[in-house]
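A.B. asks: predicted coordinates and the sequence they were generated for:
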There are 2 protein chains.
Amino acid sequence: MKKTNLFILFSLLSFFAMAQEKKSFTLDDLLPGGRTYSQLQPKDLYTSWWGNRLVETDLDECREIDSQKGSKKTLFTLEQLNQWLGADEGKALVHSCYNVNFPDPEQPLAGVVISGKEKNGERTFVYTTVNFQTGEKTWSQEYPADATLLDRSVSSRNLAYVKGHNLYVVTAEGKRMAVSTDGGNDLVYGEAVHRNEFGILKGTFWSPDGQQLAFYRMDQSMVPDYPQVDITTRIATTYPDKYPMAGEAMHKVTVGIFTPATGKTVWLQAGDPTDRYFTNISWSPDNRKIYMIELNRDQNHAELACYDAATGQKEGVLYEESHPKYVEPLHGLLFLPWNPSQFIYQSQRDGYNHLYLFDLSQKEEGSERQGADGATYREHVKVTRLTSGPWVVKEVIGFCPQEKSLLMASNEIHPLQSNIYKVRVKDGKRTLLDNGEGVHYGSLNADGSLLQDRYSSPTVVRNINLTHVKNGKTCNLLTAEDPWKDYNVPEITSGSIKAADGVTDLYYRMVKPVDFDPAKKYPTVIYVYGGPHAHNVEASRNYLTRGWEIYMAQKGYLIFILDNRGSEHRGLAFENVTFRHLGVEEMKDQMEGVKFLKSLPYVDASRLGVHGWSYGGFMTTNLMLTYPDVFKAGVAGGPVIDWQYYEVMYGERYMDTPQANPEGYKGSNLRLKAGNLKGRLQIIIGYNDPVCVPQHSLSFLRACIDAGTQPDFFAYPGDEHNMMGTDRVHLHERITQYFEDYLK
Amino acid sequence: MKKTNLFILFSLLSFFAMAQEKKSFTLDDLLPGGRTYSQLQPKDLYTSWWGNRLVETDLDECREIDSQKGSKKTLFTLEQLNQWLGADEGKALVHSCYNVNFPDPEQPLAGVVISGKEKNGERTFVYTTVNFQTGEKTWSQEYPADATLLDRSVSSRNLAYVKGHNLYVVTAEGKRMAVSTDGGNDLVYGEAVHRNEFGILKGTFWSPDGQQLAFYRMDQSMVPDYPQVDITTRIATTYPDKYPMAGEAMHKVTVGIFTPATGKTVWLQAGDPTDRYFTNISWSPDNRKIYMIELNRDQNHAELACYDAATGQKEGVLYEESHPKYVEPLHGLLFLPWNPSQFIYQSQRDGYNHLYLFDLSQKEEGSERQGADGATYREHVKVTRLTSGPWVVKEVIGFCPQEKSLLMASNEIHPLQSNIYKVRVKDGKRTLLDNGEGVHYGSLNADGSLLQDRYSSPTVVRNINLTHVKNGKTCNLLTAEDPWKDYNVPEITSGSIKAADGVTDLYYRMVKPVDFDPAKKYPTVIYVYGGPHAHNVEASRNYLTRGWEIYMAQKGYLIFILDNRGSEHRGLAFENVTFRHLGVEEMKDQMEGVKFLKSLPYVDASRLGVHGWSYGGFMTTNLMLTYPDVFKAGVAGGPVIDWQYYEVMYGERYMDTPQANPEGYKGSNLRLKAGNLKGRLQIIIGYNDPVCVPQHSLSFLRACIDAGTQPDFFAYPGDEHNMMGTDRVHLHERITQYFEDYLK
């Protein structure tokens, strides 16, 4: 008896001690948008390259960082900057140095944006450069305050921008030119097209010398507007939102080249744009050619075409790639700085994303060759495989002309990692430039001699190093302290299980309840995404745990996240196994996760929940309806319910058209399973979601009502596909409460 | 011990006996739209007047009912009817006798609607009359199958109908004429206007001889469309839905008179229709005059005007009524059959709805006189008060020319009752014609000698009598058996408490849990409506209990319903105490109900819930936010959240405009109380609600999100202000589950 009492006493003491020592998180602490979120983030370093030099752009001053020792030297203060800009006493024009840039690699010029004078009722901004050695203003450029998509050529200082769907250019001399005048809801100029698929991030592309501007023009007059409702007007109104749905009419894209010196536009003669995708626009180093990757609507054939920039004439096709499922070019051409006839091309033709060296100076006969898993290709110029193997190149960081090499990040060491390598272009020889752990992001200085290497790992919160590319010598700039050290942080682990195919490794993350007791049984929530172009588990800080998982662990839940087949960074076959029947393989893998969870004594299999957003909302709803006896409660955010309501580009890549794949669309139409619902399922949407339009969820509610089942529902008026700011905190309170109500 | 054991044994035995004897209800049994609802309704009798004779129009035959004995004699069978209509063997043209009518008071004619031949791609219906003594078809009239708002003159047999917002007439001879051709979303013809307020139920009015057709024309081009979204199209679309919001632009109404014989339309010269309401259109017995009650937008002044039907010229104003709050004429003129210069007018000028006899042959000087509570009026013809007292005339049933009297229903005996009186027009002498209990509905035969009296009371399920108006002699046609006799029906009681003013009696209904045990404490739900033009408690069957209350009582809840001040049938001051601050007095009264509930030992005051729809949704939300510590859970359906989103007619009557009453609108704007929410509140709407448009609820969700509170929400896509059919059952499952989850 005495022993037990002592034990209890000890337990109580340690409990109170712990409770005193360790703090608990609020959702505001854990979620972006939360009021205290930034206070609990690891320390960071804001930097910008000034040619070959790294500058810390801090709140109140800019400091040059010594590349050998990491020591810092003040270049100028915010106060000085404001003085030079002509600010009145005590009235700053610029409020921090965070956004200062250094437009000239040699000259001591700092570039900032300040408010300009109002002109004809138009508010303006002015980009101004100041010599921070003399304090003299050297140049400025004015543009409307409501200009968007600003794109300034470093070479020519010509600026392109979009306003009211029309494209404008302001020259270095301040001359403003309208590239288009008929822009509007039906015709858009200078904007990213094809809904940002195929790696398209922008709609303007300056030639290297900045004297020509390639730009997209998209005719979407044939695409219906989804009726999005704005409830903030006196009487609710709709606003136009062109949304091309799978199998329906698609917009038509053309590419123009505007020359500010002549005011003329030439159009690329790419032929009828109907049902075609024009992507990955790249300039040749001599400003004379434009390259573009062109896909058919079926997305199973891509051609790399070359055009004469002066005439718009097509000069030929350099390369073709086909696949029985789909091809998906995502990267433009990267010309070697030391050889203008060679460029780096990225392709998954051999099963994983790898680098290929194209040589324009050597023609090839272009006969059809076999890639991996049915892929075929034709090379019309000489192509050399630069990297290969069962891992993926994630990013090309840049070139090092001195060594004739490039820097890239890959997950060669481990599928969950991202490490930086120097790749010799001559023979593809790779040299690891980082410590071989975790997830690294690199950026290079002007001549490719210095690498800023930012990384984290399950044991490293945030580390920033400056690495000499030549010899790998590294200087540490920041090792952030764990901002959560005073908090009761749950145990976060990672591991792998086999996929439903019995062969493939799948990686999971597990967040155990705080004060975990292996003798107890815990309610368990699976968080899922599951779709292409995304992953949830990686070897970065806390295995990429989301703040909400920590919150749930604190509330006594076990959280489990598994990246199923269909997700990214594991190669094409891993991803495209889902082709034409989205959801099926993904769910099989998630059910392997459930099997694994059920094998753990501390998981309460009678209290399994599931939650996900977007594709994860589709997965959540699908899992609830397909395995109604497995999941007791689920929360599906912004879900896809029926792929015919999703957009053409993404939708048809994975599903083909509803006309061509009726069985596949039927099999993944969650309305048809509405009658299966047994557990509690809450659907949550942004009421103005332009990505998974409300028709998905609303048609599902209708189907459930007709089938006599009872889902729950919530909508965030004014919000789009994801909730931001305080709405994000509200949302996660909501999600948490649902599991508290129905899973605990 | 023995005694106790015996008692337990006895209790158990009686429990099992009861359980065996008495059945439980499903929601399908209890709700209109439920699959088994009709099987549990009291037996009914379907009848139609044939001149002075009452005919039972049953499924398979029509029977004349003897007015002395109630015995029945077959007039004809469904089979005969089909044979006479020329139906092929075994292929009926008419499937029941329920909808047979008898258009001629003397001739043995049966009128039915059958499908016609398709003409120029247009489907048609044919109204056909058959002589049921000779079996001969006597007359028929064809019209498009998609015609709506059919209005046939009994005198002339001219038919008016609306198609595509245009008005058409088909003459007795079959000539089809378009009265209008420019109808559409902006201009509508022949439809009820002013959103059916002011007693407006239709848009066409035949003259007594059927040779002239008065009709409404409404120009709503200046009224914005609320963007209602149809999610059933391939890509969601909006459809037009003109909705004039309080304080905003209002439609303009004019009245035309179309004469089929000339094909000409004359317009009433009523002056500028801007911000005016034209209502209660009535014809003079000689077909020469049109009467119309005209209100200003402020709704505090009404004029009874007279027009020459041939020219449209205004001939004068017969009567005016004003009130510092509002006047609300709801009834047209009823001319005495025995004196074409006298008519019955209904008014609340003396505080309660009463009957007044107007005599056109005697002019008055029209000086201003005082009514009750600040009301004023001017009489330009002689007016005699026919009824008066602190009770209301609910309906004029008809006239008895032989006795120069009229029949009406009033609640003179008890506020919860409706009883039928004969009123002598000479002196207003009243004679009760029914048994003085319950709620009676009457209908009269052609010469006013026979009254069909349908009624129910708390102890009478349904009773139908045929009463001789002259002497009150009654013959019973139906005494329905209680269809719930085999079910475990909860105890339903009624009583009264004092309103928050300490003076006024308010009536409640209470539904006790089944197997009620006064020693227990029950979760209690208040069901509320609370708005004008409605009541929830009356002395009819089960005190008007709704099926859902029975269901909840079966689940172990106590249900309480109180008609607060502001509701109908209690006089104008009882109703208009809410003027310019809707919700305030109503809630005070409901809180008196809460006080009363808390005084009952079997009410668990820690588990109080509230539920209501429409105005009741406004009340529910308001109560949850105003008394957050009183109510634990609530379900608000189709609520008003902000009266500025409600329509002009109803909204401004009670609230004035937002411009004129900013304080009142602010005080009743529930968004401003969104931060008060503590209990669980579910808002439920028809996603396509055209009455309380979704902007109400969606703007409330936004306000809650911004305030950091967590209401729940559900929407029924495709449904409007009320859920019908199986959706109604689904809805009440949902409401019930919410209280099961959060109140039990």
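C.D. replies: The structure has been received and is ready for your questions.
A.B. asks: number of residues surrounding the closest residue in space to A:Ser207 that isn't next to it in sequence?
C.D. replies: Nearest residue to A:Ser207 in three dimensions, chain neighbours excluded: A:Asn287, at 4.2 Å (CB to CB, 6 or more residues apart in numbering or on different chains). Every C-beta, even on glycine, is put in place using the N, C-alpha and C of the backbone. Residues lying near A:Asn287 (other CB atoms under 10 Å in any protein chain shown) number 17.
A.B. asks: now do whichever strand or helix holds A:Leu451: everything it contacts.
C.D. replies: A:Leu451 is part of strand A:450-457 when elements are defined by DSSP states H and E. By CB atoms under 8 Å, 6 or more residues apart in numbering or on different chains, the surrounding residues in contact with strand A:450-457 are A:47, A:52, A:54, A:67, A:397, A:407, A:420, A:433-435, A:437-444, A:462-469, A:474, A:477, A:539-541.
A.B. asks: go again using 7 Å as the cut-off
C.D. replies: Under the criterion CB atoms under 7 Å, 6 or more residues apart in numbering or on different chains, residues A:47, A:52, A:54, A:67, A:407, A:420, A:433-434, A:437-444, A:462-469, A:539-541 lie in contact with strand A:450-457.
A.B. asks: where does chain A come near chain B, residue by residue?
C.D. replies: A:224, A:226-227, A:229, A:231, A:235-238, A:243, A:245, A:687, A:695, A:698-699, A:701-702, A:705, A:708, A:710, A:712-718, A:727, A:730, A:733-734, A:737, A:741 (CB under 7 Å from any CB of the partner chain).
A.B. asks: in strands, which of the residues you listed appear?
C.D. replies: A:229, A:237-238, A:712-716 (DSSP state E).
A.B. asks: could you flag which of these are buried?
C.D. replies: Among these, the ones that count as buried by 16 or more other CB atoms under 10 Å in any protein chain shown are A:229, A:238, A:712-716.
A.B. asks: and the two most separated of the residues you listed?
C.D. replies: For those, the maximum inter-member distance is 26.8 Å, found between A:Thr238 and A:Asp712 (CB to CB).
A.B. asks: domain assignment for chain A?
C.D. replies: Using automatic domain parsing, the domain ranges for chain A come out as A:44-146, A:163-345, A:395-481, A:517-742.
A.B. asks: dump those into TSV; add mean pLDDT as well.
C.D. replies: Formatted as TSV, these follow (pLDDT from 0 to 100):
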stretch	mean pLDDT
domain A:44-146	95
domain A:163-345	98
domain A:395-481	98
domain A:517-742	98
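A.B. asks: among the ones you listed, which is the most enclosed?
C.D. replies: domain A:517-742 (a mean of 21; mean count of other CB atoms under 10 Å in any protein chain shown).
A.B. asks: between the two ends of that one, what distance do you get?
C.D. replies: Domain A:517-742 has its terminal residues 22 Å apart, counting by CA to CA, to the nearest Å.
A.B. asks: also stretch A:49-66?
C.D. replies: First residue to last in stretch A:49-66 (CA to CA) measures 12 Å.
A.B. asks: spatially nearest residue to the residue of the stretch 301-450 of chain A at minimum distance from chain B, not counting backbone neighbours?
C.D. replies: The stretch 301-450 of chain A approaches chain B most closely through A:Tyr326 (24.0 Å), counting by CB to the nearest CB. Once flanking residues are discounted, A:Tyr326 sits nearest to A:Gln299: 4.6 Å by CB to CB, 6+ apart.
A.B. asks: right, and the one you found touches A:Arg653 too?
C.D. replies: Yes: between A:Gln299 and A:Arg653 there is a contact under CB atoms under 7 Å: 4.9 Å.
A.B. asks: name the residues contacting each of the two.
C.D. replies: A:Tyr326.
A.B. asks: sheet-wise, list the partners of the strand holding A:Leu451 with their directions.
C.D. replies: If you go by DSSP bridges, strand A:450-457 pairs up with strand A:439-444 (antiparallel), strand A:460-468 (antiparallel).
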